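Engineer: sequence and predicted structure, then a few things I'm wondering about:
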Amino acid sequence: MCFYFFFSFYFLLVLGFNYRWWNSQAGSDQLATYPHPVPCSGPRSQKRESDKQYHELESNSIKTSKYNFFTFLPLNLFEQFQRIANAYFLFLLILQLIPQISSLSWFTTVVPLVLVLTVSGVKDAIDDFNRHRSDNHVNNRPVQVLINGMLKDEKWMNVQVGDIIKLENNNFVTADLLLLSSSEPHSLTYIETAELDGKFSTIFSILFFTGEVRCEAPNNKLDRFAGTLTLQGEKYALDNEKMLLRGCTIRNTEWCFGLVIYAGPDTKLMQNSGKTTFKRTSIDRLMNVLVLVIFAFLALMCLILAIGNGIWEHDKGYYFQVYLPWAEGVTSAPYSAFLMFWSYVIILNTVVPISLYVSVEIIRLGNSFYIDWDRKMYYPVNDTPAQARTTTLNEELGQIKYIFSDKTGTLTQNIMCFNKCSINGKSYGMVSKTEKVDFSYNQLADPKFVFYDHSLVEAVKLNDAPTHMFFRLLSLCHTVMPEEKEEGNLVYQAQSPDEGALVTAARNFGFVFRARTPETITVVEMGETKIYKLLAILDFNNVRKRMSVIVQSPEGDLTLYCKGADTILYELLHSSCDALKEETTEHLNEFAGEGLRTLVVAYKNLDEKYFENWIRRHHAASTALEGREDKLSELYEEIEKDLMLLGATAIEDKLQDGVPQTIETLAKASIKIWVLTGDKQETAVNIGYSCNLLNDDMADVFIIEGSTSDAVLNELR
Ligand SMILES: Nc1ncnc2c1ncn2[C@@H]1O[C@H](COP(=O)(O)OP(=O)(O)OP(=O)(O)O)[C@@H](O)[C@H]1O
Ligand SMILES: [Mg+2]
């Protein structure tokens, strides 16, 4: 019991794999020489001994099917008899077994009942068969597992917690893994999380040799993971950034190694998917109500008829027994009435429509074909027709009252273009689109980038200091990863497409972000290669709404570069920027009025002594095991103040084809639409108008600013 209790909070993985090979050659790059016959005992041999102790860890096989060969009949019948009409007919069948009551032959009830049960049963069986097939397919996918120091092909379902597995480009991630190493510089791994949240992210890896991982019990929170790794007596904190989750796909990464932390049903994907349940639509519910009403009606009729029988038998029938004898066992008129009640229940059984459910199922099936065949829902570009994946819910489609949608990437294309900017009180990009700026003077420029305002290039060429500072900031302050497979052919991998657009803009104007290591950023500034020391990244999150980097230039100057939402950054500016602030605000409003996504950029020169002290505290906070986030955000707040304003950027993200028309049609059908966005308010309102979410007839578009439920309620009133 005690053991189990301990288990539900933490589970402990004893790895103890003697990774002599990694041990002797610390560093991820050595792994590139794989495969090597390495004399080391893999994790399995050791883990097996302790298997008894950890037998409650799940295996990696998954099961989404509901039945197996033996459980199908009882389980499916049990489910089907939960329908009132089916249960009723079963009840009738039992009644008919009583000879005094039985008024019709038994097969009048059995035949339709069996027919209905078979039709529904066959449909459920086919559905479940398909689930079995897909489960089998997934469970039998091959993966390479490190066993006794050698890579062996295994099936997914045989992978165990504590195994080390190797994944290659475009592989699905087998289980929830702790990333150990990869082919990319600094052991980065790129993943596509389409099945989880549709984002594209980078993951940083760690290296380790012999250790123990302690982590929280399996849960369904996709964006968090807390654990510790103990390595030769030292503790390291593990977080979400170091995990590869099942359901993702490896991209742009030749290979990577991972340690299985959660497997099978314990993985975050499966923890989120829930059980396959029987879904009821409102028609189902309505049918159940109707059937209940019919029952009441039937009971009433039978009652009246039974009472009539009782009165007649009492007054007349009793004296006529010679002529009309009572059935065997019947001794009194009330008893006769009681039996007659049940006889009528059988005789009038056709009042309850047993075929109702089957008819509705068949209509749904037909409906789903119409959905599949709908030409208007066919998207020729991707050759994608509409697909009704379930037949049980399609009438609900017409009942939709609310649509919840994301904005970026759902309504818009998620293709960000750097369009305009404001630097030191001067706005650029507000020109008619005539002649494109020629970037041919810059050999590293991205040929796909277009810009029309020539005055900005002039400013750069004239060595205008704020303009240089502006683009230097854009080339330094981000989390983009560059890829240069061949000399001069730069490709940026950006977690956030906005950042990708900004870095590309800086690249074209002559501030080319070229390479990144954990300690340095290489920028080619107007043809001259400069290596900046990257001292700290104050990362972005949606509460801070800003991100900063602290870098040291080759000349030795310490600078903090910050970019973020205007509402936030304006609070952090030095008072000497007030005049510039006003001008920039004007430009920001213009940009937002056109529906552009804006960011404000600022910098601050740092004092060396102060910074040394700060970075020491920063290091302590970032390795703290408790309250890490709070401590860090306090430190961030401390250093991100008294910033010097540089300007603002404006990025365009076009609406997808047909969005305004679609929203208009949905609005005509009185469907209410909610769109989620983190944009500046003016930008959001403007896009609301351009996609027909808002229109001029809406007299009072109003804004609710409360941040507690009481405040919001008050404003709504
Ligand atoms: N990479 C970034 N660096 C600095 N600030 C950013 C960055 N990305 C967004 N911001 C700022 O933070 C605010 C909130 O952005 P966030 O990404 O959380 O919104 P979101 O919910 O993702 O919305 P959307 O889907 O429209 O991007 C934005 O309005 C922007 O001003
Ligand atoms: Mg965003």
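Structural biologist: Sure, I can see it. Numbering: from 1, shown residues only. Ligands and ions are numbered 1, 2, ... in the order given.
Engineer: work out the gap between stretch 587-598 and the centre of the chain.
Structural biologist: Counting by C-alpha atoms, centre = their mean, to the nearest Å, stretch 587-598 is centred 30 Å from the centre of its parent chain.
Engineer: per-domain residue ranges of this structure.
Structural biologist: Segmentation of the chain into domains, based on automatic domain parsing, reads 2-62+139-273, 356-400, 414-653, 655-716.
Engineer: any chance of those in CSV, plus mean neighbour count, distance to ligand 1 and mean pLDDT?
Structural biologist: In short, each C-beta sits where N, CA and C put it, glycine included. Putting these into CSV (neighbours: other C-beta atoms under 10 Å; distance: least, C-beta to the nearest ligand atom, whole Å; pLDDT from 0 to 100) gives the following:
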stretch, mean neighbour count, distance to ligand 1, mean pLDDT
domain 2-62+139-273, 17, 10, 66
domain 356-400, 13, 23, 85
domain 414-653, 17, 3, 91
domain 655-716, 13, 2, 88
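Engineer: in JSON lines: these, plus distance to Ser332.
Structural biologist: Formatted as JSON lines, the domains of the chain follow (distance: least, C-beta to C-beta, whole Å):
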{"stretch": "domain 2-62+139-273", "distance to Ser332": "61"}
{"stretch": "domain 356-400", "distance to Ser332": "39"}
{"stretch": "domain 414-653", "distance to Ser332": "79"}
{"stretch": "domain 655-716", "distance to Ser332": "62"}
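Engineer: I'd like to know which of these is closest to Phe91.
Structural biologist: domain 356-400 (16.4 Å; C-beta to C-beta).
Engineer: how far does that closest one stretch from start to finish?
Structural biologist: The first and final residues of domain 356-400 sit 24 Å from each other (C-alpha to C-alpha, to the nearest Å).
Engineer: and that domain, how far out from the chain's middle?
Structural biologist: The answer for domain 356-400 is 25 Å, by C-alpha atoms, centre = their mean.
Engineer: how about whatever residue of the stretch 351-500 of the chain ends up closest to ligand 1: what's its closest non-neighbour residue?
Structural biologist: Going by C-beta to the nearest ligand atom, ligand 1 is nearest to Thr408 of the stretch 351-500 of the chain, at 3.3 Å. In space, and not counting its chain neighbours, Thr408 is closest to Asn414: 6.0 Å by C-beta to C-beta, 6 or more residues apart in numbering.
Engineer: that neighbour is in what secondary structure piece?
Structural biologist: Asn414 is part of strand 412-423, with elements assigned from DSSP states H and E.
Engineer: what's in contact with stretch 708-717?
Structural biologist: Ile704, Glu705, Gly706 (C-beta atoms under 8 Å, 6 or more residues apart in numbering).
Engineer: okay, it in PDB with CA atoms only?
Structural biologist: Written as PDB, here are the backbone C-alpha positions of stretch 708-717 (Å, rounded to 0.1, in the frame of the first residue of the first chain):
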ATOM      1  CA  THR A 708     -11.200  39.200 -12.400                       C
ATOM      2  CA  SER A 709     -14.500  37.500 -12.900                       C
ATOM      3  CA  ASP A 710     -16.300  40.200 -10.700                       C
ATOM      4  CA  ALA A 711     -14.800  43.000 -12.700                       C
ATOM      5  CA  VAL A 712     -15.900  41.400 -16.000                       C
ATOM      6  CA  LEU A 713     -19.400  40.800 -14.700                       C
ATOM      7  CA  ASN A 714     -19.600  44.400 -13.600                       C
ATOM      8  CA  GLU A 715     -18.600  45.700 -17.000                       C
ATOM      9  CA  LEU A 716     -21.000  43.400 -18.700                       C
ATOM     10  CA  ARG A 717     -23.800  44.800 -16.600                       C
END
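Engineer: which residues sit in contact with the residue lying closest to Leu222 once chain neighbours are set aside?
Structural biologist: In space, and not counting its chain neighbours, Leu222 is closest to Lys268: 5.4 Å by C-beta to C-beta, 6+ apart. By C-beta under 8 Å, 6+ apart, Lys268 lies in contact with Asp176, Leu196, Pro218, Asn219, Asn220, Lys221, Leu222, Leu245, Arg246, Gly247, Tyr262.
Engineer: residues contacting the fourth one?
Structural biologist: To tie it back to what came earlier, the one meant is Asn219. Lys268, Gln271.
Engineer: so it, which of the three states?
Structural biologist: Following DSSP: H, G, I helix; E, B strand; the rest coil, we place Asn219 in the coil state.
Engineer: where along the stretch 251-400 of the chain do the helices fall?
Structural biologist: Listed in chain order, the helices of the stretch 251-400 of the chain (DSSP state H, counting those that start in this stretch) span 268-273, 282-315, 333-347, 355-373.
Engineer: so which of those helices is nearest Ser120?
Structural biologist: Among these, the nearest to Ser120 by C-beta to C-beta is helix 355-373 (6.8 Å).
Engineer: next secondary structure after the closest one?
Structural biologist: strand 402-406.
Engineer: please export the C-alpha coordinates of that following strand as CSV.
Structural biologist: In CSV, the C-alpha atoms belonging to strand 402-406 read as follows (Å, rounded to 0.1, in the frame of the first residue of the first chain):
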residue,chain,number,x,y,z
TYR,A,402,-20.7,28.7,-31.3
ILE,A,403,-17.5,28.4,-33.2
PHE,A,404,-14.2,28.9,-31.3
SER,A,405,-11.3,29.7,-33.6
ASP,A,406,-7.7,30.7,-33.3
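Engineer: pairing partners for that strand, with directions?
Structural biologist: strand 672-676 (parallel) (DSSP bridges).
Engineer: contacts for the partner strand?
Structural biologist: 401-407, 411, 663, 666-667, 688, 693.
Engineer: apply 10 Å and report the result again.
Structural biologist: If you take C-beta atoms under 10 Å, 6 or more residues apart in numbering as the criterion, strand 672-676 is touched by 400-408, 410-411, 662-663, 666-667, 684, 687-688, 691-693.
Engineer: can you name every helix or strand that the host helix or strand of Lys533 contacts?
Structural biologist: Take DSSP H and E as the rule and Lys533 turns out to sit in strand 528-538. Under the contact definition 3 or more C-beta pairs under 10 Å, 6 or more residues apart in numbering; DSSP states H and E, strand 528-538 sits against helix 465-476, strand 511-516, strand 520-525, strand 546-552, strand 558-564, helix 608-623, helix 628-639.
Engineer: make CSV out of those and add distance to Gln100.
Structural biologist: Listed next are those as CSV, based on distance: least, C-beta to C-beta, whole Å:
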stretch, distance to Gln100
helix 465-476, 92
strand 511-516, 89
strand 520-525, 93
strand 546-552, 84
strand 558-564, 84
helix 608-623, 84
helix 628-639, 76
